[in-house]
Structure formats: C-alpha cells, structure tokens
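# sequence unknown, structure follows:
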DNA sequence: TTTATTTCGGATAAATTTGTCCGAAATAAA
DNA sequence: TTTATTTCGGACAAATTTATCCGAAATAAA
C-alpha cells in the first residue's frame, strides 16, 4: 500500500504533530527512537517533508523539527503520502496500465473506483491534530 | 498497491482465462505480447502460478498455459494476489507495525478496517470467468 | 529415433528502494 | 569568538525487486 519510506514519513510526522500540540520541538534522534526507524534514513525523509513544507526544520543547538500548531488541523495524512509516494495510489491504474479510464478500463477499473474513493476520503479527512490527540491519549501507538 | 510482479501475474492469468473459456491454450510469447510484459520475467511468474495450481503448464510443442474451464468461476483475483504478493495487503498494518490490533492500534488502524474489508470483498468476489467474459466482449483491456 | 518446440530452473545482472557515512552549514550558548 | 549541537546534502553501500540468459527437461510430430 505505502512504501516503507512513506510509513516512516507518516509516523514521523505524527510524532512531531503530537509534540507540537504543546509547542515541543523534537530532534531527529528522538523521532527515530519514537517510531523505531533508522536514524540516517529518517533524516532524509524529514528533509523531504521539510522541503514540502509539511514540517519545519531548525538547525543548531536546541534545533529539531516542529509543525506550526495552528496548521495541525489543516494538514492531512494524504498530503504526507503524496509528498513521499506521489499520487499513483490515488490516480494510477491498479494493474499498471498507462491509459486506463472509463472508455478503455482495465478489468479491475470499476471495482477499484470505490476503494480509491474511500482511500481518498479516509486520508484526506485524517488531519494531524485529530490523530495527535489520539496518540496523546494513548489510544493509538507508533511502535511495536 | 500491488507489486509489478503481481500486476503482470493478474494480467497473465486473466489472458489465459479468457482463452481458456474456449479451450484455447496459450504460449508464453502470446501471453507476454498480450499483456505487454517482459517474456523471461513473465515465464517466472507463470511458473509460480503453476506451482500454486492457479494455472496449468504443458511442456513441449503445442504446449503452453491453460486453466481448467470449469475452475474459472471458482478462482478469484484474491487467490492470484495472495500467491504472488502474499497476504500482507489483507492482514498487515498500514503503517508497518508488527503488533497492530484493536488493543494497541496504529493511528490509521480504525480507518483502514473498512478499506481492507472492501479490498477483500472486491478481490474475493472477482472470479476469473466474469472478468474473462468482459475481456472477451471488449468491455475491458489488458494493454495500453 | 531424431528434431523442433516449449516450459523449467538456476545463475546472473540491472534497476530501484532502503539505508549509511561524513563533512558542510547553521546557530545557540559559553 | 569559540565551541558544541543539530540539520543539510552529497556520495556511497546494502537489500530487494525486477529482469535476462541459457542449458536442461519434457514432449509432440516428422
């Protein structure tokens, strides 16, 4: 479904979001420890997310990563997925055809319309604040 | 969603199914041409599908691949997907957690329950005969 | 029996994804 | 200003997926 890179990216973003609720900035090491991911690889992903303006990065001592608190309810998981895996999950053909549409559909086309719709709906309506609140309440986890 | 290997596998299976409707056996070359896939790689995938008893392979002149006609309505796309990509799409955690369940769910767990259900339902109810009929009527395509 | 055709199976190679390393740049604090 | 800390960015490496090659095995037909 999602690439490994994307899974790390989502988890990292959610951890940063959780801490950003309380204006807490987190470091690369803390993030990697919290989501159980390779440090150096996680650095690359965070760099990408920063370039895409999904998170903010601050260099130097006391630096780290954070998300503007007021932006939390406006940023969605879908944005994170698109930034990392692109939009092939949302618009590509399930069987990999280059030109697959209503006129010349692949055999799975119709079946996947509703799955895709639901995936879109789910990811586009999952905002960082809601998910961060659940994390904070201990209702959900990022490890194990 | 599906690996490239799996996409080739599904398309190859459907092409064989289409021809098997009329007891026509098809060769590796015909299959690769019909689904626009690399010949040698397709051979590997067909070999795997034959081992999993989803298709039959016949060696020698006039050999090739076929599916028992009476089995067509009983074989589902889900079986093909499972044979190639395994069942991680159906049972694995969307964020890659090893232990993700109702007790300790990942942040996406609840959201993905219905998506997964629908994916299951869709793939488990897509049998080869139905899809082959559509292909034969030209309602769907395996290329472009 | 010989030949031609076709899949099988193992080795290898290319491409992509995942992951590491390390010096550079930024910057807060001493 | 110097030092320590932290992210940045480029090169490199390992692992996995995708793809190729080729001789072996099977088998239908000449």
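That came in fine, so what should we check first? Because the structure is predicted, anything quoted here is derived from the model rather than measured.
# all helices for chain A, in order.
For chain A, helices defined by DSSP state H occupy the ranges A:4-20, A:28-35, A:39-51, A:77-85, A:88-91, A:109-124, A:128-136.
# Out of these, which is closest to residue B:133?
Nearest to residue B:133, of all those, is helix A:109-124, at 13.8 Å by Cβ to Cβ. Glycine gets a C-beta too; all of them are placed from N, C-alpha and C.
# what is the rounded mean pLDDT of that closest one?
Predicted confidence along helix A:109-124 averages 96 (mean pLDDT).
# TSV for the helices of chain A, including mean neighbour count?
Output for the helices of chain A, formatted as TSV (neighbours: other Cβ atoms under 10 Å in any protein chain shown):
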stretch	mean neighbour count
helix A:4-20	24
helix A:28-35	18
helix A:39-51	16
helix A:77-85	21
helix A:88-91	14
helix A:109-124	17
helix A:128-136	19
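# Including distance to DNA strand C, could the ones you listed go into CSV?
Formatted as CSV, the helices of chain A follow (distance: least, Cβ to the nearest atom of the strand, whole Å):
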stretch, distance to DNA strand C
helix A:4-20, 3
helix A:28-35, 9
helix A:39-51, 4
helix A:77-85, 8
helix A:88-91, 10
helix A:109-124, 18
helix A:128-136, 22
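# Save the ones you listed as CSV, and put in distance to residue B:2 too.
Below are the helices of chain A laid out as CSV (distance: least, Cβ to Cβ, whole Å):
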stretch, distance to residue B:2
helix A:4-20, 16
helix A:28-35, 26
helix A:39-51, 24
helix A:77-85, 14
helix A:88-91, 11
helix A:109-124, 11
helix A:128-136, 27
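# interface residues of chain A facing chain B?
By Cβ under 8 Å from any Cβ of the partner chain, the residues of chain A that approach chain B are A:1-2, A:4, A:7, A:10-11, A:14, A:77, A:89, A:94-99, A:104-109, A:111-112, A:114-115, A:118-119, A:122, A:126, A:131, A:134-135, A:139-144.
# Could you report the separation of residue A:82 from residue A:90?
When distance is defined by Cβ to Cβ, to the nearest Å, residue A:82 is 8 Å away from residue A:90.
# got a pLDDT number for the nearest residue to residue A:35 once chain neighbours are set aside?
Nearest non-adjacent residue to residue A:35, counting by Cβ to Cβ, 6 or more residues apart in numbering or on different chains: residue A:11, 4.0 Å away. You'll see residue A:11 listed with a pLDDT of 98.
# need the contact list for the residue of chain A positioned farthest from its centre.
Residue farthest from the centre of chain A, counting by Cα atoms, centre = their mean, is residue A:103 at 32.9 Å. With contacts defined as Cβ atoms under 8 Å, 6 or more residues apart in numbering or on different chains, residue A:103 has no neighbours.
# right, so of the helices of chain A, which gets closest to residue A:69?
With respect to residue A:69, and counting by Cβ to Cβ, the nearest of the helices of chain A is helix A:4-20 at 5.8 Å.
# so the closest one versus helix A:128-136, what angle?
Orientation note: helix A:4-20 sits at an angle of 80 degrees relative to helix A:128-136 (axes from the mean of the first three to the mean of the last three Cα atoms, to 10 degrees).
# ok, the residue nearest to residue A:38 when sequence neighbours are not counted - contacts?
Nearest non-adjacent residue to residue A:38, counting by Cβ to Cβ, 6+ apart: residue A:32, 6.9 Å away. Counting by Cβ under 8 Å, 6+ apart, residue A:32 makes contact with A:38, A:39, A:42.
# Columns pLDDT on top of these, output as a markdown table?
Listed next are the contacts of residue A:32 as a markdown table, based on pLDDT from 0 to 100:
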| residue | pLDDT |
| --- | --- |
| A:38 | 98 |
| A:39 | 98 |
| A:42 | 98 |
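# who in chain A is up against DNA strand D?
Applying Cβ under 7 Å from any atom of the strand, we find that chain A lies next to DNA strand D at A:27-29, A:40, A:43-44, A:46-47, A:50-51, A:57-65.
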